[in-house]
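Peer 1: mind folding the following:
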Amino acid sequence: MAACSKSSSSVDDSAAVLGKWTLVSHRDKTSKNGVNIYDQTSIAPAGEYINFKSNGTYMYRTYDSSLAVYVIDSSTYHVSGTNLLDYGNGTNYQIQNLTSTAMTLYASSEFTFSGVTQKDENWLNLTR
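Peer 2: As a prediction, the model looks like this:
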């Protein structure tokens with residue numbers, strides 16, 4: 001994982017995320033009670049992207065392999081400091097490694113059930 005280039009919550013990345021970003025890869029990691037049980041990085045199909053607009057909406061294009069077609073959809077988001085809240089799925093991403101040509105979005109969730117603590121982590125790597 002790349003190191004964060006911005007770590008202060010006083011930094012506002014809202015203008016820097018605007019525009020069209022191509023999805024390069026995504027990484028999914030799951031651990032239970034601190035033991036890694038799944039860690040996979042997948043290369044995104046060509047043509048997948050996210051376009052963040054200044055009005056708080058974004059449009060994204062993803063490939064649905066079960067239908068063998070691209071799907072275009074949209075939702076809303078909000079940037080506060082180095083956090084990007086995706087209102088469409090309720091995910092709060094931490095903006096990592098943001099430059100004019102690359103961005104990594106990171107999200108994690110954790111829950112405990114029957115004494116087992118599971119942590120799910122996701123990284124989206126984007127370029128433009």
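
Peer 1: residue ranges with poor pLDDT in the protein?
Peer 2: In the predicted model of the chain, residues 1-12 satisfy pLDDT under 70.

Peer 1: by residue count, tell me the biggest strand in it.
Peer 2: Taking DSSP state E as the assignment, the strand of the chain that covers the most residues is strand 19-32.

Peer 1: next helix or strand past that strand?
Peer 2: Where DSSP states H and E defines the elements, the next helix or strand beyond strand 19-32 is strand 35-43.

Peer 1: mind listing the strands for this structure?
Peer 2: 19-32, 35-43, 49-52, 57-64, 69-80, 83-86, 91-96, 102-113, 116-127.

Peer 1: what's the last one packed up against?
Peer 2: This points to strand 116-127. strand 19-32, strand 102-113 (3 or more Cβ pairs under 8 Å, 6 or more residues apart in numbering; DSSP states H and E). C-beta: built from backbone N, CA, C; applies to glycine.

Peer 1: kindly report the same for the fourth one.
Peer 2: Counting contacts by 3+ Cβ pairs under 8 Å, 6+ apart, strand 57-64 is packed against strand 49-52, strand 69-80.
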